[in-house]
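1. For reference, the sequence and a predicted model appear below.
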Amino acid sequence: MEFRVDRQTLADAVAWAARTLPARPALPVLAGMLIEVTDQGELTLAGFDYEVSARAREDADVAEPGRVLVPGRLLADIVRNLPPHPVEIFTKGSEVVVRCGPAEFGLLTLPVEDYPTLPEPPARAGTVPGDLFAAAVAQVTPAAGRDDTLPMLTGVRIDIDGATMWLACTDRYRIAARELTWSPTDPGFTAGVVVPARTLADTAKSIKRGAEVAIALGGAGDTLIGVSGGGRSMTSRLLDDQYINYKSRLTGTWSSVAEIRVAPFVETIKRAALVTERGTPVRLAFTADEVRVRAATGDSARANESLAIRLTGDDLDIAFAPQYLLDGLAGIDTEYARLECAGPTKAALLTAIPDKKKAPDNEDTSNTNTTNEEETDTGYRYLAMPVRLTS
């Protein structure tokens, strides 16, 4: 095997393939990265840990096609630190030589014949713009659970019905969901699967910007999902598809509806959180034209700040874990958000208010009608349970 490739191109491809390399592999060969080059000038790098596979494809100047397995993490460290020159990689006896300008490294090969066969993704189910998919995944994954003893909660639920896709995560105390439009191969395609959240988040944010993302999903009983775009692809085993009926929980009758400017609300919550300890909530007291944000840690510190809002309905005194509020607000990219509540002990719904012409900075936002019934829904929903107030 012998080929030549641009250093940055190689570094990006190696970084993608290295994401699946296990820290403590069950088999020594799983620590390896598979390098394949063809006489058509195609370079493929791949990693696999029996749960997730990652492949990166690039063009290269191939002098001799071949296939070899090398220590993956070591190769990634080497390539990341190479000087800015084209890279030559070739086999020499039992070594793979990596040469870049004045630098040269020799890596002992692993037995490529012992490497497991990489899984092939199911048939393509449809496509979605990469930037839209990455944004949607980033909006919902903060709400995924971290407890591996409850695998369902560590995943992203993907529901597909024709041209509509829903992504949702929950850790039992909150639900983050996003509805978007995609392009199914079959207009009547339906599916409901759960994908490991960390895997999907890492994949979505790492696919090249502007690339179209293809989703590969099989029928009932299929255990894999494939995601590909921009010369990068991954497969992942699916989790158990049992999931809560999250959509039914995202609707309700709300007795208090507040419209809030997002950026100052975020900053106010961050300041109040400075005096909280782990598990201490921030308290929000809503009246017609303001919300008072308060927090305290016993008698040692306290915070108290007011912010102009527009409230429809009943006054409300409610408390939340500050990070839960910040995670929900981070998913909103519009100027205003809407917080809908049904009482101090009921889950509250946070949504984005689509932007329209901005009011002047010196205009009193409490008297500004920020809604527009003709605006399109952004599709983002964030439901959070409040902390019960003791006094």
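-> Noted; the coordinates are in hand. Since the model is a prediction, treat every value here as computed from it, not as a measurement. Numbering: from 1, shown residues only.
2. Quick check: residue 118 is in a helix.
-> No - read with DSSP: H, G, I helix; E, B strand; the rest coil, residue 118 is coil and lies in no helix.
3. which residues touch it?
-> Taking Cβ atoms under 8 Å, 6 or more residues apart in numbering as the contact definition, residue 118 lies against 34, 46, 48, 53, 55. Every C-beta, even on glycine, is put in place using the N, C-alpha and C of the backbone.
4. what about it, distance to residue 62?
-> Distance from residue 118 to residue 62, counting by Cβ to Cβ, to the nearest Å: 20 Å.
5. same deal with residue 121?
-> Using Cβ to Cβ, one gets 25 Å for the distance from residue 121 to residue 62.
6. before we move on, what about residue 110?
-> In terms of Cβ to Cβ, residue 110 sits 22 Å off from residue 62.
7. How about residue 265?
-> To residue 62, residue 265 is 55 Å away according to Cβ to Cβ.
8. Comparing those two, which residue is more hemmed in?
-> Counted by other Cβ atoms under 10 Å, residue 265 and residue 62 do not tie: residue 265 has more neighbours, with 23 against 19.
9. nearest residue to that one other than its sequence neighbours?
-> Nearest in space to residue 265, with sequence neighbours left out and distances taken as Cβ to Cβ, 6 or more residues apart in numbering, is residue 307 at 6.2 Å.
10. so what strands line up beside the helix or strand harbouring that neighbour?
-> With elements delineated by DSSP states H and E, residue 307 resides in strand 301-308, which encompasses its position. According to DSSP bridges, strand 301-308 forms sheet pairs with strand 290-297 (antiparallel).
11. Let me see the contact set for residue 236.
-> 51-53, 195-196, 199-200, 224-225, 227.
12. Narrow those to those that are buried.
-> Among the contacts of residue 236, those buried by neighbour count (16 or more other Cβ atoms under 10 Å) are 52-53, 195-196, 199-200, 224-225, 227.
13. Could you dump these into CSV and include pLDDT?
-> Shown next, in CSV, are the buried ones among the contacts of residue 236 (pLDDT from 0 to 100):
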residue, pLDDT
52, 94
53, 95
195, 96
196, 96
199, 94
200, 96
224, 94
225, 96
227, 96
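14. returning to that earlier point: adding distance to residue 88, write the contacts of residue 118 out as CSV.
-> What follows is the contacts of residue 118, written out as CSV (distance: Cβ to Cβ, whole Å):
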residue, distance to residue 88
34, 19
46, 21
48, 26
53, 27
55, 22
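15. Adding distance to residue 318 and secondary structure, write those residues out as CSV.
-> Compiled in CSV, the contacts of residue 118 are given as follows (distance: Cβ to Cβ, whole Å; DSSP: H, G, I helix; E, B strand; the rest coil):
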residue, distance to residue 318, secondary structure
34, 53, strand
46, 50, strand
48, 48, strand
53, 45, strand
55, 48, strand
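16. Since that was my last question, I'll sign off now.
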